[in-house]
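J.: I'll drop the sequence and a predicted model, then ask my questions.
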Amino acid sequence: MRRSLVAANWKMNGSAESIAELLGALRQSLDGFAAADVLVCPPMPYLDLCGRLLEGSAIRLGAQNAHEAPSGAFTGETAVSMLQDFGVSHVILGHSERRQLFGETDAQVVAKCVAAQEQGIEPVLCVGETLQEREAGQAEAVVARQLKAVLDVCAPENLVVAYEPVWAIGTGQTATPLQAQQMHAFIREQVAARSTEVADSMRILYGGSVNAENAAQLFAERDIDGGLVGGASLKPTEFITICKSVSG
Ligand code: PEP
């Protein structure tokens with residue numbers, strides 16, 4: 001039985017004040033919540049604040065990105081070892097915004113996953129096709145390529161995969177539960193070809209316009225083990241409802 005995970009990707013949003021308010025609300029409703037793991041991924045400058053605000057809470061702290069090098073002349077970047085100092089358990093890697101807006105390649109994503117795993121931080125590896133790729137019938141090939149790059153090198157047992165169709169991110173256009181389930185099953189098959197045991201235990205999250213209305217239906221699918229939530233994770237009531245939508 002896989003334990004669900006609901007992860008909040010706050011992207012580049014928030015302030016010290018709004019984050020304290022948001023975490024206060026989340027803690028009030030979710031501190032005793034045992035049905036799933038909950039993870040919040042704030043912008044880097046707020047990791048310290050969030051770590052302190054989450055003291056004594058089961059809500060986990062994650063980061064949205066990291067650099068693959070341990071240190072050096074990489075102005076503006078953050079090493080994985082630095083994330084460790086703030087008690088980060090997970091790091092989102094290969095998000096489509098990183099791939100599309102910052103030109104991250106599969107090779108870079110792999111290097112980041114390796115660095116994270118070496119430091120004991122679990123990557124939340126994002127994979128997903130664009131609308132053009134889906135319409136061209138290439139969705140599975142794209143996801144298989146992104147996944148293979150990482151599975152060839154990284155320890156799959158310390159990996160969360162997030163299927164995030166690019167056309168569903170921030171658009172309000174969610175994949176149907178069937179579309180999402182089909183891709184999640186495909187992802188699990190790819191992992192099973194290497195190890196059925198790891199495939200059975202790997203958490204595969206769905207991301208792309210998850211909200212309080214559609215979460216329960218998505219999470220009820222056999223191979224959907226929770227969600228990676230962007231916009232809706234900034235609204236406490238909505239995010240709490242999403243967390244409570246995990247299937248038993
Ligand atoms: C995301 O950024 O990972 C995401 C899924 O965003 P949204 O929920 O806003 O589509």
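T.: Noted; the coordinates are in hand.
J.: list the helices and strands the host helix or strand of Ala107 packs on?
T.: According to DSSP states H and E, Ala107 maps onto helix 106-118. Applying 3 or more C-beta pairs under 8 Å, 6 or more residues apart in numbering; DSSP states H and E, one finds that helix 106-118 contacts helix 80-84, strand 90-93, strand 122-127, helix 139-151. (Glycine included, C-beta is placed from N, CA and C.)
J.: Give me every residue in this protein lying close to the ligand.
T.: 9, 164, 169-170, 207-210, 228-232 (C-beta under 6 Å from any ligand atom).
J.: Name the weakest-confidence residue in the residues you listed, if you would.
T.: In terms of pLDDT, the lowest of those is Gly170, showing 89.
J.: one step back: I'd like the mean pLDDT over the helix holding Ala107, please.
T.: 98.
J.: I would like the residues contacting that helix, please.
T.: Residues from elsewhere that reach helix 106-118 (C-beta atoms under 8 Å, 6 or more residues apart in numbering): 65-70, 79-80, 91, 93-94, 99, 122-123, 125, 145-146, 149-150, 152-155, 158-159.
J.: Ok, stretch 191-206 next?
T.: Stretch 191-206 is touched from outside by 2-7, 124, 147, 151, 156-157, 159-164, 175, 180, 184, 187-189, 218-219, 223-228, with contacts defined as C-beta under 8 Å, 6+ apart.
J.: Please produce a ChimeraX select command covering the buried subset of those.
T.: Selecting only the buried entries of these in ChimeraX, with 16 or more other C-beta atoms under 10 Å as the criterion:
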select :4,5,6,7,124,147,151,156,159,160,161,162,163,164,175,180,184,187,188,218,219,223,224,225,226,227,228
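J.: if I look at Ala20, how far off is Leu53?
T.: From Ala20 across to Leu53, the span is 6 Å (C-beta to C-beta, to the nearest Å).
J.: likewise Arg134?
T.: Taken as C-beta to C-beta, the span from Arg134 to Leu53 is 39 Å.
J.: what's the answer for Glu104, then?
T.: According to C-beta to C-beta, Glu104 stands 30 Å off from Leu53.
J.: How about Asp37?
T.: Distance, Asp37 to Leu53, using C-beta to C-beta: 18 Å.
J.: Let me see the backbone angles for the residue in the chain positioned nearest to the ligand.
T.: Residue nearest to the ligand within the chain: Gly230 (2.2 Å; C-beta to the nearest ligand atom). The phi and psi values for Gly230, taken as degrees, to the nearest 10, are phi -90, psi -100.
J.: Next, the contact list for the nearest residue to it once chain neighbours are set aside, please.
T.: Nearest residue to Gly230, sequence neighbours excluded (C-beta to C-beta, 6 or more residues apart in numbering): Asn9, at 5.0 Å. Asn9 makes contact with Cys41, Gln64, Ile92, His95, Gly207, Leu228, Val229, Gly230, Ser233, according to C-beta under 8 Å, 6+ apart.
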